[in-house]
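Enquirer: From the sequence below, what's the structure:
(2 chains)
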Amino acid sequence: MKPLALFNKDWQSELRTRYAINALAMFILVTISVILFSIGSEKITPYLTGGLLWVVIFFSAMSGLSRAFVSEEERGTTMTLQLVASPSTIFSGKLTFNLLLVFLMNIAITILFILLFESFTVQNYSLFLISFFFGNIGIAISSTIIAAIISKASSKGTLYPVLSFPILLPLILTLLELTKFAMDGDSVEKAFVEIAVLISYDVIMGTASYLLFDFIWKD
Amino acid sequence: MIDYKIKIESLRKVFGRRLIFDGINIELNSGLVYGVSGPNGSGKSTFVKLISGLISPTKGKVIHSLDELDIIEEKLHNHLGFVSPYLVMYDEFSGLENIEQVMKIRGLKIDYDYVTYLFDEVNLKERKFDLVKEYSSGMKQRLKFVFALVHNPELLIFDEPTSNLDVEGKEKVYKLIKEEKEKGKLIIVASNEIEDLKQCDSTIDLINYKKVN
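Expert: Have a look, this model is predicted:
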């Protein structure tokens, strides 16, 4: 229950400060507007729309998810957390908070894509939802541990996307492939290997993050 | 009777190429107040952070034990109350909300009578519902004492406990130190203030542990 209490603290704090929510909302709106303006009246293929969806998701994650640790570091409250909870509690709490943010953010982005892009047509919804679910978990885990790593650095803003790119690349590539399958109406069985890769990524990143966090967290 | 002990063995801390201190071998026991003194930059804050497990030593060990049983580092925060000028509370919450959030994260039940008593002790009773961002630096310092004492820890570490406090605030801190000592707790006070160090039973002068490389 301790991680949930930390999550609750972060959520209450977020509702009052709007550190991450505002940044994410503005970024999503601006990015999708820019894409719409640049497309104009051109017709784009469903595959390209699927690719753009994950591009927007990747950069939106880069704009808001580092706040979990960066805001603690910037406000100087990192030590307060160190004095009240164990590293595993802190990582679990921050991960839960980022999971909520990622799901809220990605649901909003997907709804906007469905409403604004005619060519965004998914034939196999169950396959899309499976990839969406495990993809979001992967993004949340990776962005949480990377946020913890970069929070103590001086150039956080630059470092976060630079460090995230190679770590998130296998995940994004798998998600692009799965989105393509879902748009083609392929079965879940046909996409079994990609789904297995996706789940393995989540498990490996989750385990590695829990093991590494102790070392990252302590000065 | 609380039986809390800290055993410090061959403690050495180096930042880059700069030696902070070396060869600290001491044992601290509950029921006593220990002072940590030394000029600016002598490593007082580093020393108390090492004892608190907030940073790692370059060499040596700090072993905490309660009733002859060693406390693992992961659980140390349950036994420790810490006050320092570089400790920051959450500005967006009120004084009381800060304490409530911290207690929930600790997984402990909140004893509101005790919380009210502590707020009263540090003269913040009337302001406990105000946001911390509206507090003065002295009030923030007082709130840190509630934060340190609310979970009734066996070990109290006060780094510059009277910084930002007025005369009345300082007297309150000295009273708190006396009360907590009477409860049999182990108290460490790191300070340069002569008045602060007068509250201590013995003093560790860090200048004695600064060897030349």
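Enquirer: got the contact list for residue 52?
Expert: By default, I'm working from chain A. Each residue near residue A:52 by Cβ atoms under 8 Å, 6 or more residues apart in numbering or on different chains is listed here: A:35, A:44, A:113, A:117. For glycine as for every other residue, the C-beta is placed from the backbone atoms N, C-alpha and C.
Enquirer: try again with chain B
Expert: Contacts of residue B:52 (Cβ under 8 Å, 6+ apart): A:83, B:76, B:80, B:82, B:157.
Enquirer: can you tell me which two in the contacts of residue A:52 are farthest apart?
Expert: Between any two of these, the greatest separation by Cβ to Cβ is 11.6 Å, found for A:44 and A:113.
Enquirer: The two: which is more packed in?
Expert: Set side by side, residue A:44 and residue A:113 show more neighbours around residue A:113, with 20 against 15, by other Cβ atoms under 10 Å in any protein chain shown.
Enquirer: In a strand, that one, correct?
Expert: No - with DSSP: H, G, I helix; E, B strand; the rest coil as the criterion, residue A:113 is helix rather than part of a strand.
Enquirer: Verify the contact between it and residue A:120 for me.
Expert: Yes - using Cβ atoms under 8 Å, residue A:113 is in contact with residue A:120, at 4.7 Å.
Enquirer: just to revisit the earlier point, closest one of the contacts of residue A:52 to chain B?
Expert: residue A:113 (33.4 Å; Cβ to the nearest Cβ).
Enquirer: returning to that earlier point: anything in contact with each of residue A:113 and residue A:120?
Expert: A:49, A:53.
Enquirer: before we move on, the earlier item: how about the contacts of residue A:52 in a markdown table, adding pLDDT and secondary structure?
Expert: Putting these into a markdown table (pLDDT from 0 to 100; DSSP: H, G, I helix; E, B strand; the rest coil) gives the following:
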| residue | pLDDT | secondary structure |
| --- | --- | --- |
| A:35 | 92 | helix |
| A:44 | 88 | coil |
| A:113 | 93 | helix |
| A:117 | 89 | coil |
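Enquirer: Wondering if stretch A:89-101 reaches chain B at all.
Expert: Yes - counting by Cβ under 8 Å from any Cβ of the partner chain, chain B is contacted by stretch A:89-101 at A:89, A:93.
Enquirer: quick check: mean pLDDT across that stretch?
Expert: For stretch A:89-101, mean pLDDT is 94.
Enquirer: Run through who's touching it.
Expert: Counting by Cβ under 8 Å, 6+ apart, A:2-7, A:9-11, A:14, A:20-21, A:24, A:64-65, A:68-69, A:81-82, A:85, A:136-137, A:140-141, A:143-145, A:147-148, A:209-210, A:213, A:217, B:105 sit against stretch A:89-101.
Enquirer: Pull out the buried members of the residues you listed.
Expert: A:2-3, A:5-7, A:9-10, A:14, A:20-21, A:24, A:64-65, A:68-69, A:81-82, A:85, A:136-137, A:140-141, A:143-145, A:147-148, A:209-210, A:213, A:217, B:105 (16 or more other Cβ atoms under 10 Å in any protein chain shown).
Enquirer: For stretch B:204-213, which outside residues touch it?
Expert: Contacts for stretch B:204-213 (Cβ under 8 Å, 6+ apart): B:19-24, B:26, B:34-39, B:42-44, B:47.
Enquirer: average model confidence for that stretch?
Expert: Here the average pLDDT along stretch B:204-213 is 78.
Enquirer: Repeat that for stretch A:209-219.
Expert: The model assigns stretch A:209-219 a mean pLDDT of 85.
Enquirer: Need the phi and psi values for residue A:162.
Expert: Torsion angles at residue A:162 (phi, psi; degrees, to the nearest 10) stand at phi -60, psi -40.
Enquirer: So which residues on chain A come close to chain B?
Expert: A:1-2, A:5-6, A:8-9, A:12-13, A:16-17, A:75-77, A:79-89, A:93, A:218-219.
Enquirer: rewinding a little: which ones among the contacts of residue B:52 lie within helices?
Expert: Counting by DSSP state H, the contacts of residue B:52 place residue A:83 in helices.
Enquirer: Of all the residues in the strand or helix carrying residue A:50, which ones are buried?
Expert: Per DSSP states H and E: residue A:50 is located in helix A:46-64. Across helix A:46-64, burial judged by 16+ other Cβ under 10 Å covers A:46, A:49-54, A:56-58, A:60-64.
Enquirer: Please apply the same query to stretch A:179-195.
Expert: Buried-residue list, stretch A:179-195, by 16+ other Cβ under 10 Å: A:179-183, A:191, A:194-195.
Enquirer: which one among those gets closest to chain B?
Expert: Distances from chain B to the buried residues of stretch A:179-195, taken by Cβ to the nearest Cβ, are shortest for residue A:195, at 35.5 Å.
Enquirer: and the closest one, helix, strand or coil?
Expert: Classified using three-state DSSP, residue A:195 is helix.
Enquirer: Now do the same contact list for the nearest residue to it once chain neighbours are set aside.
Expert: In space, residue A:195 comes closest to residue A:130 once its chain neighbours are excluded; the distance is 6.1 Å by Cβ to Cβ, 6 or more residues apart in numbering or on different chains. Shown here is residue A:130, whose contacts under the criterion Cβ under 8 Å, 6+ apart are A:178, A:188, A:195.
Enquirer: Tell me the pLDDT of residue A:130.
Expert: Reported pLDDT for residue A:130: 95.
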